[in-house]
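Novice: got a sequence here, can you build the structure:
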Amino acid sequence: MQNRIAPANIHLRNGSVKDFVELLNDFLADRPLRSLIASNEAVLQGVVEILLDPPRTRVPELYLVMNGNKQKGDGRFGFPDMFIVGDGGSDSAVVLELKDIHLSGLWNGRQGHRTKWMNPSYAEMDALAKEVSDMDEELMNEMRYMYWSKRDKRYVSTTVGKMRKDALAQVKRYVKVIKKGRAEKFDDSGVRDPRVLVKRSRGTLFSFVLMAVGGRRILYQAGKAEKTEFSYSCTLV
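Specialist: Model (predicted):
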């Protein structure tokens, strides 16, 4: 796997995510079920960081001012999961939105309950993990998913496909703001992160949603490549 990391990263920065997704899939395939039960989005982000090379090009939780006219907690700020800046004079950058679809959420979604959370047995989790590993992507998009919404303070029932669609819409909003360059004033919108240097220069912004389903499969979705009047580099080298 080690000799595949550099080529996968080069392809990712040039707008092709397929090789990077295959790396992630191979990494997940070897994980024991017990680790999948404890997995979450932070774990997924950690794995992605390990596979992103060189380290100086990755900026987790990029600090954006989405709308300087809004209040904190009401959509003023945004934090893309991973921003990959140019390396060695590259004029491209990549925005990654990561989503973790947990096995227990898939199992609860299948039960049909909308307000009650149940804990599946180890055997049920194991059977579902094996099912997800070989499932057709279209069928996977139709799978019900249940999760706890901190904002709504209740359980929410949705589908994998809906989560994927919403994540793509979110990453598009991030790209729209990043294209504006640096937010010089606190009431502007744009990049506010001190880890990123923004310069006037023509470039390209690529964006992708990477969704780990049941810890066994990575579904991905590409956003539209956007031309920008700025280039981005990391200040922490």
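Novice: which residue ranges of this protein form strands?
Specialist: With DSSP state E as the criterion, the chain has strands at 58-60, 64-65, 77-78, 82-84, 92-101, 144-149, 154-159, 190-191, 196-213, 217-222, 226-234.
Novice: and the longest helix along the chain, C-alpha only, in PDB?
Specialist: Using DSSP state H, we find that the single longest helix of the chain is helix 160-178. Output of helix 160-178 as PDB, limited to C-alpha atoms (Å, rounded to 0.1, in the frame of the first residue of the first chain):
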ATOM      1  CA  VAL A 160     -27.600   6.900   2.800                       C
ATOM      2  CA  GLY A 161     -28.400   8.500  -0.500                       C
ATOM      3  CA  LYS A 162     -29.900  11.600   1.200                       C
ATOM      4  CA  MET A 163     -26.900  11.900   3.500                       C
ATOM      5  CA  ARG A 164     -24.700  11.800   0.400                       C
ATOM      6  CA  LYS A 165     -26.700  14.400  -1.400                       C
ATOM      7  CA  ASP A 166     -26.700  16.700   1.600                       C
ATOM      8  CA  ALA A 167     -22.900  16.300   2.000                       C
ATOM      9  CA  LEU A 168     -22.400  17.300  -1.600                       C
ATOM     10  CA  ALA A 169     -24.500  20.400  -1.200                       C
ATOM     11  CA  GLN A 170     -22.500  21.300   1.900                       C
ATOM     12  CA  VAL A 171     -19.100  21.000   0.100                       C
ATOM     13  CA  LYS A 172     -20.400  23.100  -2.800                       C
ATOM     14  CA  ARG A 173     -21.200  25.900  -0.200                       C
ATOM     15  CA  TYR A 174     -17.700  25.600   1.100                       C
ATOM     16  CA  VAL A 175     -16.200  25.900  -2.400                       C
ATOM     17  CA  LYS A 176     -18.300  29.000  -3.100                       C
ATOM     18  CA  VAL A 177     -16.800  30.700   0.000                       C
ATOM     19  CA  ILE A 178     -13.200  29.500  -0.600                       C
END
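Novice: picking that back up, any chance of a markdown table for the strands of the chain, columns mean neighbour count, distance to Val47 and mean pLDDT?
Specialist: In this view, the C-beta of every residue, glycine as well, is placed from N, C-alpha and C. Converted to a markdown table, the strands of the chain look like this (neighbours: other Cβ atoms under 10 Å; distance: least, Cβ to Cβ, whole Å; pLDDT from 0 to 100):
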| stretch | mean neighbour count | distance to Val47 | mean pLDDT |
| --- | --- | --- | --- |
| strand 58-60 | 19 | 12 | 94 |
| strand 64-65 | 23 | 23 | 95 |
| strand 77-78 | 17 | 23 | 94 |
| strand 82-84 | 24 | 11 | 97 |
| strand 92-101 | 23 | 9 | 95 |
| strand 144-149 | 17 | 20 | 92 |
| strand 154-159 | 15 | 24 | 93 |
| strand 190-191 | 22 | 25 | 96 |
| strand 196-213 | 19 | 9 | 94 |
| strand 217-222 | 18 | 10 | 94 |
| strand 226-234 | 19 | 20 | 93 |
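Novice: understood, closing this out.
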